[in-house]
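In: Sharing a model that was predicted from the sequence below.
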Amino acid sequence: AIVKVTQDMGGALTKEDLLAHCTTFPEPISINYKGVDIFEVPPNGQGIAALMALNMLEIDPESMKHNSAKHLHHVMERMRLAFIDSRYYVADTQF
């Protein structure tokens, strides 16, 4: 059914492609954020960007009022930097 639907929509997936697929279960990567262990699938997913952003947010000054303009700007900038770094420095180790 998957192959038929894919091919009906112009895709090139074949039954042989599915038979050749091998699912892997890699060891997760993690950080400890404010006392909580956070786990993500290792690259090539985007989970590493979330972990990188959380690592940068760990050093936030607690004096910022939650959801204030300053606080939200700080969070968004850390997320932006994490995604930029993950795009530039992180690659799929299988390729």
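Out: Perfect, I can see it now.
In: quick one, what contacts the residue nearest to Ile31 when sequence neighbours are not counted?
Out: In this structure, Ile31 finds its nearest non-sequential neighbour in Leu51, 5.0 Å apart by CB to CB, 6 or more residues apart in numbering. In this view, the C-beta of every residue, glycine as well, is placed from N, C-alpha and C. Contacts for Leu51 (CB atoms under 8 Å, 6 or more residues apart in numbering) come out as 29-31, 38, 40.
In: Kindly indicate which of the residues you listed lies nearest Lys4.
Out: Nearest to Lys4 among the contacts of Leu51 is Glu40, at 33.9 Å by CB to CB.
In: who's that closest one bridged to?
Out: Applying DSSP bridges to Glu40 gives these bridge partners: Ile29.
In: Need the pLDDT of it.
Out: Reading off the confidence values, Glu40 has pLDDT 93.
In: From the contacts of Leu51, pick the one nearest Glu58.
Out: Of the contacts of Leu51, the one sitting nearest to Glu58 (CB to CB) turns out to be Ile31, at 8.2 Å.
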